[in-house]
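Q: Pasting the sequence and the predicted coordinates here, then a few questions.
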Amino acid sequence: MRRPRAKLIFFICVLALASFAPGSSHAQAAATFDQGLLWRVEKPGTAASHLFGTVHLADKRVTALPDLVRKQFDAAKSFTMEVSPDQSNIATLAARMVYMDGRDLPGVVGEEFFRKVAALTAGIGLPAEMARMFKPWAMVLLLQMPQQKMEDVLDFMLQRMASQQGKPLSYLESVDEQ
């Protein structure tokens, strides 16, 4: 039975690039970081940090980092993701996505609607007997995500780059905290 790779993608939402070396002046920082997905966080007396909002896709238009983002990433002293993609969190997430109390998706959304959903999940390799276990919110997320290899998704790519650069890795929260 093939497990859909996309069901694990959505749990990583934002990555923070923290503890950067001090950079440009405040005026230049305001001009450079006033829009887009890379934000500069400053406080007098401390090194600037950056927060980069990610899109959890493997599309080359997403994974090709703009020069400014790559420069700040390479200068970062550490790398922080929202949630660790470790086996424990993946297992916790998987448990949250499915009914374990006797209910099922057809019983919640109705048989007619479920048949429509099952036709869609068949197209991504998820048979109806598995699809029936998913909670509605998890099914919506699963169907919205394109099929892609986890290792090619931007968040995982950035984590891999940080690890290759020897940066300490940390995580903001667990799946339970989310």
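A: Ah, there it is.
Q: ranges for the strands of the chain?
A: 14-17, 38-41, 49-53, 79-83, 169-173 (DSSP state E).
Q: how deep is Gly110 tucked in, by neighbour count?
A: When neighbours are counted by other C-beta atoms under 10 Å, Gly110 registers 11. (Glycine included, C-beta is placed from N, CA and C.)
Q: Sorry, slip of the keys, the one I care about is Tyr171.
A: Neighbours around Tyr171, by other C-beta under 10 Å: 19.
Q: Same question for the one 3 residues further on.
A: For Ser174, the count of nearby residues is 14 (other C-beta under 10 Å).
Q: pLDDT wise, what is the residue lying closest to it once chain neighbours are set aside at?
A: Leaving aside its sequence neighbours, Ser174 sits nearest to Asn89 (C-beta to C-beta, 6 or more residues apart in numbering; 6.3 Å). Looking at Asn89, its pLDDT is 81.
Q: any idea how far Asn89 is from Tyr171?
A: 9 Å (C-beta to C-beta, to the nearest Å).
Q: what is in contact with these two at once?
A: Val83 (C-beta atoms under 8 Å, 6 or more residues apart in numbering).
Q: What are the boundaries of the helices in this structure?
A: 26-32, 60-63, 67-75, 87-97, 105-109, 111-122, 128-131, 136-144, 154-164 (DSSP state H).
Q: mind checking which of those is nearest Asp176?
A: Among the helices of the chain, the nearest to Asp176 by C-beta to C-beta is helix 87-97 (6.4 Å).
Q: can you redo the helices of the chain as a markdown table with mean neighbour count and distance to Arg40?
A: Listed next are the helices of the chain as a markdown table, based on neighbours: other C-beta atoms under 10 Å; distance: least, C-beta to C-beta, whole Å:
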| stretch | mean neighbour count | distance to Arg40 |
| --- | --- | --- |
| helix 26-32 | 12 | 5 |
| helix 60-63 | 12 | 21 |
| helix 67-75 | 15 | 8 |
| helix 87-97 | 15 | 29 |
| helix 105-109 | 16 | 44 |
| helix 111-122 | 14 | 41 |
| helix 128-131 | 16 | 43 |
| helix 136-144 | 16 | 31 |
| helix 154-164 | 17 | 17 |
